[in-house]
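Undergrad: sequence and predicted structure below; questions after.
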Amino acid sequence: MTATATLIMTLLMAATHATAQQYRLHREHDSLYWLNEWRLPYPVYQFQTGDVNGDGSEDALVGVVKATRFDPHMRRRLFVFKQVGGKVRPLWLGSRLGGTLCNFRFDDGRVRSLETTADSLYVVADYRWEGFGLQFERYLAKGVDRATADSLFAE
């Protein structure tokens, strides 16, 4: 994908209702994306959908690179969006999981993360929706090298 290319990813997901939910991620340039009509003024490194909060409707999981007020470093973050009345609305705009987020994927009701730690090792962890946000569930690996972490992350 070139910097001038327009990227449109459309995913149609049937919800438990009779209507389908549609998320479109449009790349205007390297640091401006649109999730339907929701402006994302950050680089995006990952986009998936799934029923994160267990309500029977598809949500959009968007990995962005940005700083926050309490963490001024440009880091990978995870945002989760839902649709309300056909409009995209934030469900969770996460600033951190456990460590420094490298990657995530959604599978079987869980968000699996690949994270680095302060000692430059890696962890692979599962998180599940709990009330307001993602709650740590379990480690698949802790304090491992990148190759081991990549292998476990992909399982």
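TA: Alright, I've got the coordinates.
Undergrad: hey, which helix or strand in the chain has the poorest pLDDT?
TA: strand 7-14 (a mean of 33; mean pLDDT, DSSP states H and E).
Undergrad: gap between the helix or strand following it and the chain center?
TA: Counting by DSSP states H and E, the next helix or strand C-terminal to strand 7-14 is strand 20-29. Relative to its chain's centre, strand 20-29 lies at 14 Å (CA atoms, centre = their mean, to the nearest Å).
Undergrad: and stretch 53-70, by the same measure?
TA: The answer for stretch 53-70 is 5 Å, by CA atoms, centre = their mean.
Undergrad: average model confidence for that stretch?
TA: Mean per-residue pLDDT for stretch 53-70: 94.
Undergrad: buried residues, it. List them.
TA: 53, 57-64, 66 (16 or more other CB atoms under 10 Å). (Glycine included, C-beta is placed from N, CA and C.)
Undergrad: check stretch 105-112 too.
TA: So, applying 16+ other CB under 10 Å, buried residues of stretch 105-112: 105-106, 110-112.
Undergrad: got the end-to-end distance for that stretch?
TA: 5 Å (CA to CA, to the nearest Å).
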